[in-house]
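Visitor: Give the three-dimensional model of this entry:
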Amino acid sequence: MRIVISSAAEADLASIFNYTLTNWGESQAKAYLDTLTARFAWLSANRSLWRERDDLQPGLYSHREGRHLIFYREADNRLQIIRVLHQRMDPERYIKA
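Guide: Numbers count the residues shown, from 1 in each chain. Below is the predicted model:
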């Protein structure tokens, strides 16, 4: 399954990288971003473990990685990464129905 990252998720990842860089340094920022992107690949290979989030949007799924929630969906045999939000963020505010 091909992985596609939305522009909003790209902005989320850039923000996560910059925050981690500022607070914990470059090696930690790179390592955490690598962990998140590795989780995208894992999700694409483990469809049976997806957690539905129809409460936010039909066909939406989420998975926790570290202190972040990855929101994604499947379309045309692609894993679409919609957002990567900190656990303290209200997903209803950032996920449009």
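Visitor: Least confident secondary structure element in this protein?
Guide: helix 91-94 (a mean of 93; mean pLDDT, DSSP states H and E).
Visitor: which helices and strands does that one pack with?
Guide: Packing partners of helix 91-94 (3 or more C-beta pairs under 8 Å, 6 or more residues apart in numbering; DSSP states H and E): strand 78-86. C-beta here means a position set from N, CA and C on the backbone, and glycine is covered the same way.
Visitor: just to revisit the earlier point, which residues are in contact with the least confident helix or strand of the chain?
Guide: Applying C-beta atoms under 8 Å, 6 or more residues apart in numbering, the contact partners of helix 91-94 are 8, 53, 56, 62, 69, 71, 83, 85.
Visitor: Tell me the most packed of these, by neighbour count.
Guide: The most crowded member of these, judged by other C-beta atoms under 10 Å, is residue 71 (25 neighbours).
Visitor: Let's verify that one: helix, strand, or coil?
Guide: Three-state call for residue 71 (DSSP: H, G, I helix; E, B strand; the rest coil): strand.
Visitor: nearest residue to the residue most central in space within the chain other than its sequence neighbours?
Guide: In the chain, the C-alpha nearest the mean C-alpha coordinate belongs to residue 70, at 2.7 Å (C-alpha atoms, centre = their mean). Spatial nearest neighbour of residue 70, excluding adjacent residues (C-beta to C-beta, 6 or more residues apart in numbering): residue 63 at 4.9 Å.
Visitor: close enough to count as contact, that neighbour and residue 39?
Guide: Yes. In terms of C-beta atoms under 8 Å, residue 63 counts as a neighbour of residue 39; the distance is 6.7 Å.
Visitor: residues in contact with residue 29?
Guide: 17, 18, 20, 21 are the contacts of residue 29 under C-beta under 8 Å, 6+ apart.
Visitor: Let me know the closest of those to residue 76.
Guide: residue 17 (28.4 Å; C-beta to C-beta).
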